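Colleague: task: produce atomic coordinates for the following.
(2 chains)
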Protein chains: 2
Amino acid sequence: MSRQPQPKTEKRYPPRATPLILVNTGTAKGKSSSSFGVLLRAWGQGYRCGVYQFLKSGKWPLGERKAAELLNDAEQGGTIDWFSCGDGWTWTSRDITETEDLAREGWEEVKRRIADESYEFLLLDEFTYPLHYGWVDMDEVVDVFTHRPGFQHIFITGRYAPDRLIELADLVTEMHPIKHPLERGIKAQPGIEW
Amino acid sequence: MSRQPQPKTEKRYPPRATPLILVNTGTAKGKSSSSFGVLLRAWGQGYRCGVYQFLKSGKWPLGERKAAELLNDAEQGGTIDWFSCGDGWTWTSRDITETEDLAREGWEEVKRRIADESYEFLLLDEFTYPLHYGWVDMDEVVDVFTHRPGFQHIFITGRYAPDRLIELADLVTEMHPIKHPLERGIKAQPGIEW
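Modeller: Numbering: from 1, shown residues only, chains lettered A, B, ... in the order given. Model (predicted):
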C-alpha cells in the first residue's frame, strides 16, 4: 500500500459506514487509551488516521506513539500521522497563555485537514480542554464538525466535555473511576500510564 | 531485541514499578479498546505481553490483532502473544457448554503462564464472564492473582466484574454509556467497533 495520502475521490471506507463523532470523557483513566484502541481498528480498516494531541501532558504515551510510527510504516493497514505539543506543532511552552495560542493554532490546522478530507479518522486527544476553557470557539467547532465533507470519523477525548459537544456526538462514553492505585499509595508507572 | 522470551531472572521492568491488577468494566464501549491502548504502553516499555481473549464474539477487533502481530515482529518494544477462541486455543464452538469448557481450559493455560512468569503484562479480555457465570472458580482466581510470583500486571476486561475481583483490583474503571449511535439507528461498523 502506498504511503501517500489517497485522493479523496477514492472510497476507502466500507459500504453503509457512517462517519461518527465519538467522545470519551469522565474523570477516570481510559479515555485516551480507549481512543487509541479504536485508532488501531481504523488503521486495520485501511483508513488514513490523524492524531492531534492538544495538551502537553507531563507524560506522553510513548508506547502508543512508537506503535503508531511502526504501523504507519507497515506494508499493511492504513496510515497514522501524529502531531503533538512540542514537535508536530511548535508547542513548547507550559505557559497557560501560550497553551491557549497553541491550542488555537492546532484547531486551525485541524480545520484545514477536515476541509481537505486528509483523514478518514481524526483523533483529537484532550480537545475537550480548549473547548471547556473557551480557547476555541464552540460555535465554529460545531459548524465545522457538522458540515465536514466526505467520510471523516472524529474522536475527541478529555474531561469536561461541553454539553454542546455531547449533544452533537453520536457516541459518548464516560469513564468513571471505581478504584485507583493512588488510593493505595501506588504511583503512576511506565508501561501502564505511559 | 531478541524475540525469544527472556529468562525470568532478567529484570525487564522499571525500578519501583508495581505489578497491578487492572479492571475495565461497565456496559459501555471502550473496555477492550482501552486495555489495548495500555497494552501498547506495556509493549513500548519492552514488556513481554500475553493477550487471552476469553469469549468468541461475533466480531473480533482485527485491527488490534493485526497491529499486535506487527508490533511483535518489530525490532523494538516488547513482544505480544495473542490467543483467542478458535485459533490460539481449540475454541471452535458457539455452544454454551463448550464455551464453559473452553473458558476453563483457557484459565488453566493462564495459570501455567502466571506460574512460569511468561509475561510482564497479561491481558485477559472478557475474563469477567467466566467469573460472572461461575465457569471458573473465583477462590482459585483470587489465590492465583494474589500470590502471582515476580512482576506481572494483569488487566481484566468485561461486563459484570464480580465484587471480589473489584475488591482485589488496584485500578477499576467503569465505562458508562452516555450516548450510542444505535439510538440514532446507526449500526456497528468496521474501523470503529472492530
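Colleague: partners of the top strand by length along chain A, with directions?
Modeller: Criterion DSSP state E: the longest strand present in chain A is strand A:171-179. Strand pairing for strand A:171-179, determined by DSSP bridges: strand A:21-25 (parallel), strand B:171-179 (antiparallel).
Colleague: okay, those strands, which one's buried deepest?
Modeller: strand A:21-25 (a mean of 26; mean count of other Cβ atoms under 10 Å in any protein chain shown). Yep, even glycine has a C-beta here, placed from its N, CA and C like the rest.
Colleague: so what does the helix or strand of chain A with the lowest mean pLDDT touch, helix or strand wise?
Modeller: Of the helices and strands making up chain A, the lowest-confidence element is helix A:96-116, at a mean of 86, by mean pLDDT, DSSP states H and E. For helix A:96-116, the packing partners by 3 or more Cβ pairs under 8 Å, 6 or more residues apart in numbering or on different chains; DSSP states H and E come out as strand A:48-53, strand A:121-125, helix A:128-132, helix A:138-146.
Colleague: so which of these comes closest to residue A:99?
Modeller: The closest of these to residue A:99 is helix A:128-132. By Cβ to Cβ, the value is 8.8 Å.
Colleague: mean confidence score for the closest one?
Modeller: Helix A:128-132 carries an average pLDDT of 94.
Colleague: right, quick check: it against chain B, any contact?
Modeller: No. Using Cβ under 8 Å from any Cβ of the partner chain, helix A:128-132 stays clear of chain B, with a minimum separation of 13.3 Å.
Colleague: which other residues reach that helix?
Modeller: A:23, A:25, A:54-55, A:100, A:103-104, A:106-107, A:135-136, A:138, A:141, A:156-162, A:165 (Cβ atoms under 8 Å, 6 or more residues apart in numbering or on different chains).
Colleague: only the buried subset of these, as a PyMOL command please.
Modeller: Of the contacts of helix A:128-132, the buried ones go into a single PyMOL selection, burial set by 16 or more other Cβ atoms under 10 Å in any protein chain shown:
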select buried, chain A and resi 23+25+54+55+103+106+107+135+136+138+141+156+157+158+161+162+165
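Colleague: quick one: the nearest residue to residue A:41 once chain neighbours are set aside from residue A:125, how far?
Modeller: Spatial nearest neighbour of residue A:41, excluding adjacent residues (Cβ to Cβ, 6 or more residues apart in numbering or on different chains): residue B:63 at 3.8 Å. Distance of residue B:63 to residue A:125, computed by Cβ to Cβ, to the nearest Å: 18 Å.
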